[in-house]
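Participant: Here is a sequence together with a model predicted from it:
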Amino acid sequence: MNRHRVLLFGDALALLLFLVIGEIQHDLLGAPDLVLKVILQFGAFGAAWWAMAWALGALTIQTPFVTWPFLGRSLLAWLFAAPAGVVLRAILLNQAAIVMPFVIAATGFGGLILLGWRVVYALAQTLLDRRLRPSAADSR
């Protein structure tokens, strides 16, 4: 699996984890429309995330991997994507109002999960690059 696929797959899993934990926290796992609601929310947050990540370069993986710019672009993209995802979610779920505490919680908690995944990804890529890159001693 190439680096981009791993990154996109991990982003999708992180977003799904964020949404499922939200449903658990609000005792909504028994709701009859749970699957449809999670799919709509995933569509909203996923569309916002991947649009902003693409536009702001958070999907770009440099070779060799450069950690801090990657994480900075990821943070910036999430800070734009989270509120956009909340708005899209409200539209898709036909909600008349968006409460500010939800925007803050979604930005903070969703960012913790998504950016936490991306920190793990960045560490793995950095270690992989170091292992694959010949050292100065090897070139003599």
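Facilitator: Noted; the coordinates are in hand.

Participant: Please name the nearest non-neighbouring residue to the residue nearest in space to the middle of the chain.
Facilitator: In the chain, the residue lying closest to the centroid (CA atoms, centre = their mean) is residue 114, at 3.8 Å. Closest residue to residue 114 apart from its sequence neighbours, by CB to CB, 6 or more residues apart in numbering: residue 14 at 4.6 Å. Just so you know, the C-beta spots here come from the backbone N, C-alpha and C atoms, and that holds for glycine as well.

Participant: ok now the one helix or strand the one you found maps to, how far from the chain's centre?
Facilitator: Assigned by DSSP states H and E, residue 14 falls within helix 3-25. The chain centre lies 7 Å from the centre of helix 3-25; the measure is CA atoms, centre = their mean, to the nearest Å.

Participant: helix or strand right after it?
Facilitator: Following helix 3-25 toward the C-terminus (DSSP H and E): helix 34-55.

Participant: Report the inter-axis angle for the next helix or strand after that following helix versus helix 3-25.
Facilitator: Later in the chain than helix 34-55, the nearest helix or strand by DSSP H and E is helix 67-92. Angle between the axes of helix 67-92 and helix 3-25 is 50 degrees (criterion: axes from the mean of the first three to the mean of the last three CA atoms, to 10 degrees).
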